[in-house]
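Enquirer: Predicted model and sequence below, questions to follow.
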Amino acid sequence: MEVEPKTISEPLANPFGLEGDADPRQRAWVEVSPNCLERNTRIVKSLLSNDCQLMAVVKADGYGHGALVVASASIRGGASQLGVATLQEGIELRKAGFEVPILLLGSLVDVEDLRACLHWQLMPTLSTIHEVNLCEKLAIDSGRKFSVQLKIDTGMTRLGCDLSEAPGLVKTINSVKNVQLKGVYSHLALADGDLYGALEKEVTQQQKERFDQVLRVLPAQGDGFFRHIANSAGTLRDKALHYDMVRVGLALYGYSPIKQLIEQIDFSPALALKARVNLIREVPKGVGVSYGHRFITKRKTRLAVVGIGYADGVVRSLSGSIFVLINGQLLPQIGAITMDQMVVDATDCQDLAIGSVVTILGKDGDQSIGPKDWSEVSGLIPWEILCSFKHRLPRIVI
Ligand SMILES: *Cc1c(COP(=O)(O)O)cnc(C)c1O
């Protein structure tokens with residue numbers, strides 16, 4: 001009997017037993033824990049008075065965790081509103097079925113963008129009379145009310161209207177019939193950062209005073225109106241900054257923006273960054289490792305080549321200054337981090353094998369590595385680190 005020759009298009013045996021696709025954890029991946037997100041949200045919520053609401057800031061794809069997972073978990077944990085940076089981020093949440101109020105923290109430039117806001121019931125952040133008039137016109141054309149928020153610059157010197165323009169803007173918004181003011185807010189410039197000395201305190205206090213100054217001349221607004229100024233740092237530092245709502249990002253993900261509070265508040269990091277050992281090599285003393293030979297072995301060394309690099313978001317400036325965990329043991333990363341790989345000195349590692357899981361951020365046994373550890377050696381900030389993990393890394397929800 002003749003046997004048909006196998007063709008190349010015939011599927012090969014799948015070692016992971018998945019239909020067609022490879023196991024997303026074969027090379028490198030990000031693990032996200034909704035339970036930790038929910039728990040962190042509860043902790044933040046517990047710091048607020050009963051009439052203060054929590055807006056979960058889920059911009060930048062939920063600080064790299066996945067916006068939808070974060071939105072669900074934070075709402076379970078007590079958040080009642082969501083904040084995003086861009087229109088597309090807001091639309092993604094609406095398409096996924098989220099019905100809570102969503103504020104676009106960024107600025108919109110195009111009338112079409114405002115039209116999309118109205119369509120998807122996303123609140124834009126306004127800061128000019130021109131925008132107010134555009135919104136009123138769009139609202140009239142569509143026969144719908146347009147919910148918006150007004151941003152006031154109290155000292156961040158970025159988005160928002162000038163302090164002196166705020167009362168006039170509020171008056172204009174209140175005078176047009178189809179635009180509804182759902183909030184007035186501002187943003188703190190110096191509340192986060194490990195150094196919170198006299199200058200930082202003074203600037204934050206001055207921002208608060210400027211905000212209060214506007215609020216005092218604000219005509220009484222109805223229900224569903226929110227005054228807010230605090231990010232994670234402002235929320236954790238001072239209850240006087242809470243007003244009707246706080247906008248919290250970093251803390252929900254499990255990190256304190258304030259070094260002094262890390263021990264006191266029991267946040268759980270919701271993200272872990274993992275990869276696998278691809279190759280194990282033994283090299284003698286005196287051998288240069290990776291591009292530029294920035295590391296020369298000082299002894300006979302066992303190298304573990306790990307399948308993750310700067311194209312995944314482990315930035316090159318971390319080269320030679322971070323540690324990873326294999327089997328609960330801290331091991332130094334050596335030589336230049338390359339686009340897709342990095343090398344670890346695994347000479348002292350027990351039970352090292354091809355395929356061993358390498359924890360680059362997160363917990364393994366008693367040890368854990370967090371964005372703060374990377375900050376200390378690189379000057380990167382935790383926000384920046386969390387947002388840097390690229391879509392090449394699958395997100396595994398655990
Ligand atoms: C990103 C952002 C926040 C959240 O900041 P965290 O420090 O992560 O809590 C709050 N408000 C505005 C306007 C933001 O852009």
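Expert: Looks like it came in fine.
Enquirer: contacts, neighbours, all on C-alpha from now
Expert: Fine.
Enquirer: wait, Pro284 sits on Lys300?
Expert: Yes: the criterion here is Cα atoms under 8 Å, and Pro284 meets it with Lys300 at 4.2 Å.
Enquirer: residue contacts, the residue lying closest to Gln53 once chain neighbours are set aside?
Expert: Distance criterion Cα to Cα, 6 or more residues apart in numbering; nearest residue to Gln53, sequence neighbours excluded, is Met245 at 4.4 Å. Going by Cα atoms under 8 Å, 6 or more residues apart in numbering, Met245 touches Cys52, Gln53, Leu54, Met55, Phe226, Arg227, His228, Ala230.
Enquirer: Could you do Leu37 as well?
Expert: Counting by Cα under 8 Å, 6+ apart, Leu37 makes contact with Val70, Ala73, Ser74, Gly77, Leu252, Tyr253, Gly254, Ser268, Pro269, Ala270.
Enquirer: burial count for Asp23?
Expert: 14 (other Cα atoms under 10 Å).
Enquirer: For Glu282, see how far away it is.
Expert: 28 Å (Cα to Cα, to the nearest Å).
Enquirer: With Tyr310 instead?
Expert: Distance from Tyr310 to Glu282, by Cα to Cα: 24 Å.
Enquirer: Pick out whichever of these two has more residues nearby.
Expert: Taking other Cα under 10 Å, Tyr310 and Glu282 do not tie; Tyr310 has more neighbours (20 against 12).
Enquirer: Next up, the contacts around the more buried one.
Expert: Counting by Cα under 8 Å, 6+ apart, the residues that Tyr310 touches are Arg316, Ile337, Thr338, Met339, Asp340.
Enquirer: Report how many residues lie close to the first one.
Expert: When counting by other Cα under 10 Å, one arrives at 15 neighbours for Arg316.
Enquirer: Show the pLDDT at the closest residue to it other than its chain neighbours.
Expert: Spatially, and ignoring its direct neighbours in sequence, Arg316 is nearest to Ile337 (5.3 Å; Cα to Cα, 6+ apart). Looking at Ile337, its pLDDT stands at 98.
Enquirer: The one 10 residues further on now?
Expert: In the predicted model, Thr347 carries a pLDDT score of 97.
Enquirer: Checking it next. Helix, strand or coil?
Expert: The three-state label given to Thr347 by DSSP: H, G, I helix; E, B strand; the rest coil is coil.
Enquirer: residues touching the nearest residue in space to it that is not next to it in sequence, list them.
Expert: Among residues not flanking Thr347 along the chain, Arg302 sits closest, at 4.4 Å (Cα to Cα, 6+ apart). Counting by Cα under 8 Å, 6+ apart, Arg302 touches Ile280, Arg281, Glu282, Val283, Asp345, Ala346, Thr347.
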